[in-house]
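Engineer: Kindly generate the corresponding structure for this input.
(2 chains)
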Number of protein chains: 2
Amino acid sequence: MTRLSFNISMSLDGFITGPDPGPEQPLGAGGDQLHEWGVKLASWREAHGLEGGEVSADSEVLEETMSAAGSTIMGRSMFGGGDGPWGDDPWQGWWGEEPPFGVPVFVLTHHPREPLVLKGTTFTFVTDGIESALDQAKAAAGDRDVALAGGADVFQQYLGAGLVDEFQLHVVPLLLGDGVRLFDDGAGAGVQVEPDRVIESPAVTHIRYRVVR
Amino acid sequence: MTRLSFNISMSLDGFITGPDPGPEQPLGAGGDQLHEWGVKLASWREAHGLEGGEVSADSEVLEETMSAAGSTIMGRSMFGGGDGPWGDDPWQGWWGEEPPFGVPVFVLTHHPREPLVLKGTTFTFVTDGIESALDQAKAAAGDRDVALAGGADVFQQYLGAGLVDEFQLHVVPLLLGDGVRLFDDGAGAGVQVEPDRVIESPAVTHIRYRVVR
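Structural biologist: The predicted structure is shown next:
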């Protein structure tokens, strides 16, 4: 059965960006450090058209995550900032000519737009809510999973609505002090979860949780 | 060498109490769930004068933690609420006639008071700051470690001052939504840490971090 899963790098103090995220630094000040464990890996580099990189327990986790996804859901901010109207010459987001997804991506937004077809990835813009996006993403995922890509607010909405099946936190040994919290006050309170796998490395601790219904 | 170490149960969303902690519920609403993994263990029960209980990977972690401590530092709130003057008939804190520490305890406070000698545990009240308390606790610890008992504010002060050597988070699969955050905004930002051990069980994930200097 197709599940909705979420993978995210989070600092030890609970942040998924550093302070002051914005168009010039989507991950905030110092937030790039959250992804250092990933970008040096062979599995990440291959997905981004690069050769080389490390092979380790971390790369297996990342490879598993990427290969499990048959489709992806993300918020408008993660696609490319803001939530204003698209305008006459809508831009193509932050992901370049050849986005690293390689699967259908469903973007939650309040503003209708025709699908954007780029090399290997089609972005479909969904204006009628998170359940509709999930239905469309499940239909597109085949027998693989739907990956929730973020951001935190989108995760919180799906988690609070009881629609997330599992999530894996890549806990990075980093104290950012400020930024966007994955679990902002009240998010997911009372949702029942169980850890079902822990994989450790010097760079990061991967804890996977299953939501209990 | 005597180290300063800190062990704490923290919810997945970063809280060490539930909502609205106060004299009637020191751990806040639902906060007792943070310690369920511990109180059912043989090692916890033995320290509290009780028989029976479970023996598991978790109980080994707890036993190790308790036996490593040669002395303890805590904040005034953890000793017994508030930070007002002690009065003529100062009360003996929240820990009963036979506190579960069994080692010298140094309590940070702004109000001087003579040491309180209870069965197995002497509380010494320190008014001249965190470094003085650490010096006294180290002198009392012999060749064992100094355990920082909390709360979050005391941990944040020691961590920010570069005085913590290691800390272990017992990450409980629980979303409390609100309460006292272990890492409040800005706490410990920029302190360099490395994970040096992870032990997992269905009930809790123990991640130990070493502070890098």
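Engineer: Show me which residues of chain A sit near chain B.
Structural biologist: In this structure, chain A approaches chain B at residues A:12-14, A:169, A:171, A:173-178, A:181-183, A:185-191, A:193-195, A:198, A:200, A:202, A:205, A:207, A:209, judged by C-beta under 8 Å from any C-beta of the partner chain. From N, CA and C alone the C-beta is placed, and that goes for glycine too.
Engineer: Can you flag which of the residues you listed belong to strands?
Structural biologist: When these are checked against strands using DSSP state E, the ones located there are A:Leu169, A:Val171, A:Val193, A:Glu194, A:Pro195, A:Val198, A:Glu200, A:Thr205, A:Ile207, A:Tyr209.
Engineer: In PyMOL, select just the buried ones from the residues you listed.
Structural biologist: Isolation of the buried members of these (16 or more other C-beta atoms under 10 Å in any protein chain shown) is achieved in PyMOL through the command below:
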select buried, chain A and resi 169+171+193+195+198+200+205+207+209
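Engineer: could you dump the ones in strands among the residues of chain A next to chain B to a markdown table with pLDDT?
Structural biologist: Output for those, formatted as a markdown table (pLDDT from 0 to 100):
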| residue | pLDDT |
| --- | --- |
| A:Leu169 | 98 |
| A:Val171 | 98 |
| A:Val193 | 97 |
| A:Glu194 | 97 |
| A:Pro195 | 97 |
| A:Val198 | 97 |
| A:Glu200 | 95 |
| A:Thr205 | 98 |
| A:Ile207 | 98 |
| A:Tyr209 | 98 |
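Engineer: before we move on, which element is the residue lying farthest from the centre of chain A in?
Structural biologist: Within chain A, the residue lying farthest from the chain centre (C-alpha atoms, centre = their mean) is A:Asp88, at 28.1 Å. With elements taken from DSSP states H and E, nothing contains A:Asp88; it lies in neither a helix nor a strand.
Engineer: Phi, psi for A:His35 please.
Structural biologist: With angles defined as degrees, to the nearest 10, A:His35 sits at phi -110, psi 0.
Engineer: And for A:Val154, the neighbour number?
Structural biologist: When neighbours are counted by other C-beta atoms under 10 Å in any protein chain shown, A:Val154 registers 21.
Engineer: ok but it is inside a helix, no?
Structural biologist: Yes: A:Val154 sits within a helix when classified using DSSP: H, G, I helix; E, B strand; the rest coil.
Engineer: Spatially nearest residue to it, not counting backbone neighbours?
Structural biologist: With C-beta to C-beta, 6 or more residues apart in numbering or on different chains as the measure, A:Gly75 is the residue that lies nearest to A:Val154, at 4.1 Å, once sequence neighbours are left out.
Engineer: now swap in A:Leu118 and tell me
Structural biologist: Once flanking residues are discounted, A:Leu118 sits nearest to A:Pro99: 5.8 Å by C-beta to C-beta, 6+ apart.
Engineer: ditto for A:Glu114
Structural biologist: Of all residues beyond its chain neighbours, the one nearest A:Glu114 is A:Phe125 (7.8 Å), with distances taken as C-beta to C-beta, 6+ apart.
Engineer: repeat for A:Pro23
Structural biologist: Closest residue to A:Pro23 apart from its sequence neighbours, by C-beta to C-beta, 6+ apart: A:Gly81 at 5.5 Å.
Engineer: Spell out for me which residue occupies the centre of chain A.
Structural biologist: For chain A, the residue whose C-alpha lies nearest the mean C-alpha position (C-alpha atoms, centre = their mean) is A:Ala149; its distance is 2.1 Å.
Engineer: What's the separation between that residue and B:Gln136?
Structural biologist: A:Ala149 is 51 Å from B:Gln136, where distance means C-beta to C-beta, to the nearest Å.
Engineer: Please apply the same query to A:Met1.
Structural biologist: Going from A:Met1 to B:Gln136 by C-beta to C-beta gives 59 Å.
Engineer: Looking at the two, which one has more neighbours?
Structural biologist: Looking at A:Met1 and B:Gln136 with other C-beta under 10 Å, you find the greater number of neighbours at B:Gln136, namely 18 against 6.
Engineer: what's the neighbour count on the residue nearest to A:Glu114?
Structural biologist: With other C-beta under 10 Å as criterion, A:Phe125 counts 21.
Engineer: One more: the one 3 residues further on?
Structural biologist: Taking other C-beta under 10 Å as the criterion, the count of residues near A:Asp128 is 11.
Engineer: Please consider this matter closed, and thank you.
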